[in-house]
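Asker: Quick one, fold the following:
(2 chains)
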2 protein chains.
Amino acid sequence: MVESASTFDKLPSVQALRAHFQAVTSKAHLRDLLADEARNSQLRVALANEQAGEKTDAIFDFTHAKIDAEGFKKLLKVAEDANLFAKIDSMFKGEKLNNTEKRSVLHVALRMREGESLIVPDSDEGDAVKNVHAVLHRIQEFSQKIRTGEARGYSGKELRNTLIIGIGGSYLGPEFVFEALRTDEAARKGAEGRKLKFLANVDPIDFTRAIEGLDIEETLVVINSKTFTTAETMLNARTVRQFIIDHYSQKYPEEQDKQKFVEAHMCAVSTNLPETKKFGVKDERVFGFWDWVGGRYSVCSAVGVLPLSLHYGFENVKHFLEGAKSIDEHFRTTRDPSKNLPILLGLIGFYNSYICGHDSRAILPYCQALLKFPAHIQQLDMESNGKGVTRTGERFEAGVQAGPIIFGEPGTNGQHSFYQLMHQGRPIPAEFIGFTKSQTPTLLPGEPVTSHDELMSNFFAQPDALALGKTLDQLQKEGVPPPLLEHKRFLGDRPSVSLLFMGALDAYKCGQLLAMYEHRVAVEGFLYGINSFDQWGVELGKVLAKDVRNVFQAKQSKVSSDDIAKQTSEKFNPPTNFLLTQYLQNN
Amino acid sequence: MVESASTFDKLPSVQALRAHFQAVTSKAHLRDLLADEARNSQLRVALANEQAGEKTDAIFDFTHAKIDAEGFKKLLKVAEDANLFAKIDSMFKGEKLNNTEKRSVLHVALRMREGESLIVPDSDEGDAVKNVHAVLHRIQEFSQKIRTGEARGYSGKELRNTLIIGIGGSYLGPEFVFEALRTDEAARKGAEGRKLKFLANVDPIDFTRAIEGLDIEETLVVINSKTFTTAETMLNARTVRQFIIDHYSQKYPEEQDKQKFVEAHMCAVSTNLPETKKFGVKDERVFGFWDWVGGRYSVCSAVGVLPLSLHYGFENVKHFLEGAKSIDEHFRTTRDPSKNLPILLGLIGFYNSYICGHDSRAILPYCQALLKFPAHIQQLDMESNGKGVTRTGERFEAGVQAGPIIFGEPGTNGQHSFYQLMHQGRPIPAEFIGFTKSQTPTLLPGEPVTSHDELMSNFFAQPDALALGKTLDQLQKEGVPPPLLEHKRFLGDRPSVSLLFMGALDAYKCGQLLAMYEHRVAVEGFLYGINSFDQWGVELGKVLAKDVRNVFQAKQSKVSSDDIAKQTSEKFNPPTNFLLTQYLQNN
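Answerer: Down below sits the predicted model:
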């Protein structure tokens, strides 16, 4: 890893870019920028389709970003000065980019093809690609056994349902892909007669929701926890285990070995074989991955591949991995940053946040199948780049922040929700994602356009509405009465980017979309010089929660309320102590 | 309505508050503020339970807001100077607060009790409360008929399923309440054997998702559209109507009057009787509301009450309305702002945004049943207060913004997602919502605490983690090696508020929570002097989408591609024209 000598904001190219923005671009209106075709033509890139040769897979259009041709040139210089390609290369080589945890960052290895090779440096694990494919083969075989009914539940029923227990990266990634493929024709066929459900939150309500309408005798449970120690996941796993045991104990009171109930219905994605065994999962039902796969980058590991293969069939998941792989190759080999889609996504993200000063970003897929994509990217991006120090521990200056706040909903739903604020309140850089075709097209007799065209008319209209706005002059010409003029005025000048895929969303494109955003997050992290792969910020809450749990445990163990009061007043500040006391008196 | 003479930021009390924050509070750390018990004791309020007399319903604790005792005094002065109570009174009286559309804002009338009276000024509609209860009675009767099987589908099957077609306020509110009550014991019993599904997005994929697994012969469709012209909702309604007709035409080819299929399966919430009739809905199956109910404030009207009564039974929905009503009364009659929960929520929200300069807000329910609450509040708040001008059309100065960006996920899920950024990246004022009891409590044999206690240990820990942080000194004492010190450091000083309900979430509390947030949004709008009840910012996108739709329609009507190219190049700027052309060539 190339360590920067100083923080990113000291780079001359960053300072030059900022100076140009302040002196020139910030004073131009997007309306005017968009009229400059010499500029526009530089601000889009077509992603060539590897499989189909000449054909375009997707177009990334950032003409609606608030940047001019000169600014874009300067932005590319930032990429150069930040040694982007050196950092990308070191990631693909398996250097320990995650320096605070001394780990390589190799989720790209999860997508490498059989026959490729990657020896992880400073490790004795050998060829990562070989190991990856060994697990993939096991998953293929196992999922086939389950799906064909060769392996069945304890009572002999086919295991048509999959229940995933996992939280964070072990939940959001698989859920995003699950929803994305639900209405894809091939995947849908693969999932016929099957159910996939998720149990993430430790809230017992989530357990109730997850098992609602699920015949446990037909259910295979996947416990997703690398260390097999995640508090929420393990408590949920124990709860489901007990539920299985209770169910069968009543039905088969003669069975002495309750362990058999568990073995027939539970498998695990974990690296902790001693613990999975102790829990009651058979070794051949444990699927591993590696410490170079971060939780939020793990959907292409067994974490996602196992449950999705159980539900959709391995072939569909393979296409998903191939899609991701195609972007890995594009990202690694396209050495001209102005043609490299994830790099451009990252550069514009950095530009919007750091240069233009926006602190949020809306992810707006015009595709209902991507309804969980914003939540996945929210985790991926905010957990990766929500940092206050560089890799080497230099704290950002006051006012300087790395990653933005990410949120979003599918369009057009969002238009009837938060777009009001985007148009007339705070500017929020928007990322529009669309497809030229629908997974499930509809054209009613008598309708002027298909429902998909109706949807996409908004995909094209919104970026212009945000950028162009509507002037007082226009309003006056329309005859708007004076008291309403300012209310109906749109200042415009609000940036967005658009990502348009050719064809309908399928497993392959789903993998592409995932990899684009994974790499864009890495690129932004590289530009800021931060470690996008650790998450120390989640630790303190866990520690303090332990103190609270001890109080609850004391109550559970019938410790006297006086003793508990003493304990809480010593451990907590007065307001927390007060609220906690109210809780204890009322629960 | 009391019109302010000048914009809010010119108020002396606002300037005094800002000066105090800048000179004093901003320099104090929340750690120190929390040590001041004289301060703390002022910064919480208990909501007395109307039904149970003395007992507390909920505690709103804002000790973890970055405010000191002096600042709080100054904030209350702002409430006074902004004439808050005069504005609240004028809302309850039905004055035309929505001045740009010349409408009253009377969602509170939806919760008034039978026998109360409210004559809407300048209207000939008479007693609003009477009219509200007339509709409620019709809903009660109709939903009972459907639920008992007295009224059935065309083929004679019971109508066990409800499909709501609606978008924005006609979707997010009902969905939030639906999910909130799914695991409530009483509501669950009411919904036994029934399904409720939503169709919001115009994306045909959403239609495919909505009808998945739904026997249309057992389904009653509710079309939620006040004007019966909402583009998305009406296209979806036509799509579902065609689906019903196609289904039955195949099954009953002898039936000549296809209209009967539609009448048996569709009802509407709308005020446009001519259009509902034309569409094919019988008048007695149309349930109205009034122009003084804004879409995002409409869940307590037939928009929410009809489908929720069909699904859960009218009694459960009545409790929900009663809960909302209890907060309406608290809000209207508690004339000491330091004891008025929605006012305090609004004041702290205003304080965080405008005085402290935060531009976002995270809604964090530690209750999985509230998983859709953040999305509802996102719409409610951002569409209401995402404005750039005052009621009277004065534009805010550069840099001044009204409502914040709202997002959120249930805890503890969010902890494994975006909390990293909240702790070590950008500060985001957080709103924690919890309950002392669970809807579905679980205690496994052998576990030290219940799952609900496990959940709630995080509810208590996170506000402290955000506020207190962790110092270098603490880390050094723990023996953290020097290169990791800054990575593991938490600056703290990050504000939050906590709302703790006594007991488990039920219909009543769900109504309370809704009304608290509805009124908080209004309070913030009152402070900024904006109109929180219009939404002009959604118009421009609709207009531009029409231009795009015309292009698609031309293609559908086989207009030559040359003519289409000419049309698009005239109508759109070059980059949009380019992308649109790519779309047309590939769809």
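Asker: Within range of chain B, give me the residues from the stretch 151-300 of chain A.
Answerer: Remark: the part of the stretch 151-300 of chain A in contact with chain B comprises A:167-169, A:171-172, A:182-183, A:200-209, A:212, A:231-232, A:235, A:238-239, A:242, A:295, using CB under 8 Å from any CB of the partner chain. Every residue, glycine included, has its C-beta placed from N, CA and C.
Asker: Assign A:Glu431 to helix, strand or coil.
Answerer: For A:Glu431, the reduced secondary structure class is strand; criterion used: DSSP: H, G, I helix; E, B strand; the rest coil.
Asker: burial measure for whichever residue of the stretch 51-200 of chain A sits closest to chain B, as a count.
Answerer: As assessed by CB to the nearest CB, chain B sits closest to A:Gly168 within the stretch 51-200 of chain A, at 2.8 Å. The burial count assigned to A:Gly168 is 26, neighbours taken as other CB atoms under 10 Å in any protein chain shown.
Asker: Got a ChimeraX select line for the buried ones in the residues of the stretch 151-300 of chain A next to chain B?
Answerer: Here is the ChimeraX command that selects the buried residues among these (16 or more other CB atoms under 10 Å in any protein chain shown):
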select /A:167,168,169,171,172,182,183,200,201,202,203,204,205,206,207,208,209,231,232,235,238,239,242,295
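Asker: Could you pick out which of the residues of the stretch 151-300 of chain A next to chain B are located in helices?
Answerer: A:169, A:171-172, A:204-209, A:231-232, A:235, A:238-239, A:242 (DSSP state H).
Asker: lowest confidence element among the helices and strands of chain A?
Answerer: When the helices and strands of chain A are scored by mean pLDDT, DSSP states H and E, helix A:561-571 comes last with a mean of 88.
Asker: gap between that one and the chain center?
Answerer: Averaged C-alpha coordinates place helix A:561-571 at 41 Å from its chain's average position (CA atoms, centre = their mean, to the nearest Å).
Asker: Same question for stretch A:254-267.
Answerer: Between the centre of stretch A:254-267 and the centre of its host chain there is 35 Å, according to CA atoms, centre = their mean.
Asker: repeat for stretch A:158-165
Answerer: 23 Å.
Asker: circling back to that earlier point, orientation of whatever helix or strand comes next after the least confident helix or strand of chain A relative to helix A:561-571 in degrees?
Answerer: Later in the chain than helix A:561-571, the nearest helix or strand by DSSP states H and E is helix A:574-586. Between the axes of helix A:574-586 and helix A:561-571, defined by axes from the mean of the first three to the mean of the last three CA atoms, to 10 degrees, the angle is 150 degrees.
Asker: Helix A:574-586 packs against which elements?
Answerer: helix A:539-556, helix A:561-571, helix B:37-40, strand B:44-48, strand B:56-61, helix B:451-468, strand B:496-501 (3 or more CB pairs under 8 Å, 6 or more residues apart in numbering or on different chains; DSSP states H and E).
Asker: a markdown table for those, including distance to B:Lys566 and mean neighbour count?
Answerer: What follows is the helices and strands packed on helix A:574-586, written out as a markdown table (distance: least, CB to CB, whole Å; neighbours: other CB atoms under 10 Å in any protein chain shown):
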| stretch | distance to B:Lys566 | mean neighbour count |
| --- | --- | --- |
| helix A:539-556 | 60 | 19 |
| helix A:561-571 | 74 | 14 |
| helix B:37-40 | 69 | 15 |
| strand B:44-48 | 64 | 19 |
| strand B:56-61 | 61 | 21 |
| helix B:451-468 | 58 | 26 |
| strand B:496-501 | 57 | 24 |
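Asker: Which among those is found nearest to B:Pro121?
Answerer: When the helices and strands packed on helix A:574-586 are compared by CB to CB, strand B:44-48 sits nearest B:Pro121, at 30.8 Å.
Asker: Now that closest one: average pLDDT?
Answerer: For strand B:44-48, the mean pLDDT works out to 92.
Asker: With just CA atoms, put it into CSV.
Answerer: These are the backbone C-alpha positions of strand B:44-48, laid out as CSV (Å, rounded to 0.1, in the frame of the first residue of the first chain):
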residue,chain,number,x,y,z
ARG,B,44,-37.2,15.4,30.2
VAL,B,45,-41.0,15.2,30.2
ALA,B,46,-43.4,12.4,31.2
LEU,B,47,-46.6,12.0,29.2
ALA,B,48,-49.4,11.3,31.6
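Asker: what's the first-to-last distance across stretch A:25-45?
Answerer: Taking CA to CA, to the nearest Å, stretch A:25-45 runs 22 Å from one end to the other.
Asker: List the buried residues for it?
Answerer: Residues of stretch A:25-45 classed as buried by neighbour count (16+ other CB under 10 Å): A:Thr25, A:Leu30, A:Leu33, A:Leu34, A:Asp36, A:Arg39, A:Asn40, A:Gln42, A:Leu43, A:Arg44, A:Val45.
Asker: What of stretch A:11-19?
Answerer: So, applying 16+ other CB under 10 Å, buried residues of stretch A:11-19: A:Leu11, A:Ser13, A:Val14, A:Leu17, A:Arg18.
Asker: swap in stretch A:140-156?
Answerer: When burial is assessed from 16+ other CB under 10 Å, stretch A:140-156 yields the following buried residues: A:Gln140, A:Phe142, A:Ser143, A:Ile146, A:Arg147, A:Ala151, A:Arg152, A:Gly153, A:Tyr154, A:Ser155.
Asker: now it: how far from the chain's centre is it?
Answerer: Its chain's C-alpha centre lies 30 Å from the corresponding centre of stretch A:140-156 when counted by CA atoms, centre = their mean.
Asker: what's the first-to-last distance across it?
Answerer: With CA to CA as the measure, the ends of stretch A:140-156 fall 22 Å from one another.
Asker: So for it, mean pLDDT?
Answerer: The predicted model gives stretch A:140-156 an average pLDDT of 98.
Asker: For that stretch, give me every contacting residue.
Answerer: Among residues not part of stretch A:140-156, those counted as contacts by CB atoms under 8 Å, 6 or more residues apart in numbering or on different chains are A:158-159, A:217-220, A:248, A:251-252, A:260-261, A:264-265, A:267, A:285, A:287, A:306, A:309-310, A:313-314.
Asker: For the stretch 1-150 of chain A, list the residues in contact with chain B, please.
Answerer: Near chain B, when you scan the stretch 1-150 of chain A using CB under 8 Å from any CB, you find A:Leu34, A:Ala35, A:Glu37, A:Asn40, A:Leu43, A:Arg44, A:Thr56, A:Ile59, A:Asp61, A:Thr63, A:His64, A:Thr100.
Asker: now these in JSON lines, with distance to A:Glu518?
Answerer: Below are these laid out as JSON lines (distance: CB to CB, whole Å):
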{"residue": "A:Leu34", "distance to A:Glu518": "30"}
{"residue": "A:Ala35", "distance to A:Glu518": "35"}
{"residue": "A:Glu37", "distance to A:Glu518": "33"}
{"residue": "A:Asn40", "distance to A:Glu518": "28"}
{"residue": "A:Leu43", "distance to A:Glu518": "23"}
{"residue": "A:Arg44", "distance to A:Glu518": "22"}
{"residue": "A:Thr56", "distance to A:Glu518": "22"}
{"residue": "A:Ile59", "distance to A:Glu518": "20"}
{"residue": "A:Asp61", "distance to A:Glu518": "21"}
{"residue": "A:Thr63", "distance to A:Glu518": "25"}
{"residue": "A:His64", "distance to A:Glu518": "24"}
{"residue": "A:Thr100", "distance to A:Glu518": "20"}
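Asker: Where is pLDDT lowest across the residues you listed?
Answerer: Per-residue confidence over these reaches its minimum at A:Thr56, where pLDDT is 82.
Asker: For that residue, name its beta-bridge partners.
Answerer: With beta bridges defined as DSSP bridges, A:Thr56 has these partners: A:Ala48.
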